[in-house]
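Visitor: Sharing a sequence plus its predicted fold:
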Amino acid sequence: MKKNSLVLIVLSAFFLLIGCQPKSSETKSAPGVSQQAKPTAKVTPMELTAEEFKKRIANYETHPNEWVYLGERPAVIDFYATWCGPCKMTAPIFADLANTFAGEVDFYKVDIDQQPELAGLFGVTSIPSLLFIPKEGKPSMSVGAMERQQMQAAIQDLLNVTP
């Protein structure tokens with residue numbers, strides 16, 4: 001009886017170890033079917049300083065009386081503060097949408113405590129505030145926390161704008 005129990009334990013341990021082995025990284029597919037995965041590089045919204053803003057978005061010193069967008073794609077700028085609760089709630093949504101729309105829309109962040117000049121330029125008095133910048137035309141501001149569906153729809157509208 002002891003011998004049978006010992007054999008059963010050894011066999012159980014053997015099958016348990018075999019079952020816990022990592023699968024081979026090779027996967028078999030049907031002939032002629034490609035197994036290429038979509039790249040999963042993570043896009044992170046860029047922090048803007050006043051100098052970077054003037055280089056990438058609009059130089060308000062050389063064009064103080066008109067909006068001249070310098071970007072190649074539409075953009076969204078999140079005006080936030082590190083201490084702001086609603087900003088912390090919307091930050092993951094903003095970052096996720098930056099990945100969703102990577103290559104189509106540029107995503108930036110402006111910490112109003114670090115860049116009060118930029119906050120003042122757009123009259124940001126409540127946060128979070130999102131500045132939606134179309135490729136052509138004037139930007140529009142949304143004040144207050146947005147749900148994912150609202151933010152995504154607003155970004156989609158940027159892509160569908162016809163001048």
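Guide: Thanks, I have the structure now.
Visitor: quick check, residue 141 in a strand?
Guide: Yes: if the criterion is DSSP: H, G, I helix; E, B strand; the rest coil, then residue 141 is within a strand.
Visitor: Go ahead and confirm residue 144 touches residue 89.
Guide: No: if you go by CB atoms under 8 Å, residue 144 and residue 89 don't touch, sitting 11.3 Å apart. Using the backbone N, CA and C atoms, a C-beta is placed for each residue, glycine as well.
Visitor: show me what contacts the nearest residue to residue 146 once chain neighbours are set aside?
Guide: Closest residue to residue 146 apart from its sequence neighbours, by CB to CB, 6 or more residues apart in numbering: residue 90 at 6.4 Å. The neighbourhood of residue 90, defined by CB atoms under 8 Å, 6 or more residues apart in numbering, consists of 78, 128, 145, 146, 151.
Visitor: and residue 90, how far is that from residue 60?
Guide: Per CB to CB, to the nearest Å, residue 90 is found 26 Å from residue 60.
Visitor: Ends of stretch 74-87, what's the gap?
Guide: One end of stretch 74-87 to the other measures 22 Å (CA to CA, to the nearest Å).
Visitor: mean confidence score for that stretch?
Guide: For stretch 74-87, the mean per-residue pLDDT is 97.
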